[in-house]
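Enquirer: sequence and predicted structure are below.
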Amino acid sequence: MKLKTFSLTVIALISGALLAPAQQAPSAAENKEANLKAYVDLLRKDVKKEKVSILTDLMNLTPDEAAKFWPIYNDYDKALTVLADERVALIKLYADSYGNLTPAIATKLATGALDLDAKRNQLKREYVHKFSQAISPILAARFLQIENQIEKILDLQIASSLPVIE
């Protein structure tokens with residue numbers, strides 16, 4: 001039960017994967033997925049809204065800086081969403097495998113998590129460079145600091161909800 005609660009919480013925070021509409025009457029599993037998707041979409045919007053609010057307050061941008069910052073940030077957020085979808089897939093794999101984890105799945109989960117961390121860091125590196133070019137290196141470093149703080153908080157919430165592999 002703890003894993004299901006964890007899965008719903010994590011997916012609600014980071015998921016954004018879209019489900020294809022069914023051509024015929026949906027099954028119970030499809031209804032559950034559709035309900036989960038609707039819930040996830042709603043919570044994801046709230047998380048993004050909060051993040052934008054935090055960034056707005058802490059970045060303290062002039063109107064000219066803001067006009068340059070937000071379009072770049074929106075591109076960053078779209079790319080980050082793709083990585084979040086990959087993370088959701090790993091979490092679903094873990095949830096589906098919990099209790100009967102094989103060495104192959106354990107390896108896939110571990111390397112998948114490490115690969116995602118590397119991709120997130122590469123994405124941040126790329127966008128810090130873009131922000132440095134567009135506004136300033138100091139504001140780019142401020143963005144990175146804020147982004148890392150938010151990321152660590154979300155990662156801690158997710159990690160603390162995840163049952164340890166037995």
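Expert: All right, it came through fine.
Enquirer: name the single longest helix found in the chain.
Expert: As assigned by DSSP state H, the longest helix anywhere in the chain is helix 63-97.
Enquirer: and that one, what's buried?
Expert: 65, 68-70, 72-73, 76, 80, 83-84, 86-88, 90-91, 94-95, 97 (16 or more other C-beta atoms under 10 Å). In this view, the C-beta of every residue, glycine as well, is placed from N, C-alpha and C.
Enquirer: and it, what does it pack against?
Expert: Taking 3 or more C-beta pairs under 8 Å, 6 or more residues apart in numbering; DSSP states H and E as contact, the helices and strands that helix 63-97 lies on are helix 2-14, helix 28-59, helix 103-134, helix 137-161.
Enquirer: out of everything not next to it in sequence, what's closest to residue 72?
Expert: Spatial nearest neighbour of residue 72, excluding adjacent residues (C-beta to C-beta, 6 or more residues apart in numbering): residue 130 at 5.2 Å.
Enquirer: what mean pLDDT does the longest helix of the chain get?
Expert: Averaging pLDDT along helix 63-97 yields 93.
Enquirer: what does stretch 101-113 give?
Expert: 96.
Enquirer: how about residues contacting it?
Expert: 86, 90, 93-94, 97, 165-166 (C-beta atoms under 8 Å, 6 or more residues apart in numbering).
Enquirer: and those residues as CSV, adding distance to residue 126?
Expert: Shown next, in CSV, are these (distance: C-beta to C-beta, whole Å):
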residue, distance to residue 126
86, 17
90, 22
93, 27
94, 28
97, 32
165, 32
166, 38
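Enquirer: and of those, the nearest to residue 150?
Expert: residue 86 (18.5 Å; C-beta to C-beta).
Enquirer: wait, that closest one touches residue 116, no?
Expert: Yes: if you go by C-beta atoms under 8 Å, residue 86 and residue 116 touch, sitting 5.9 Å apart.
Enquirer: cool, thanks, talk later.
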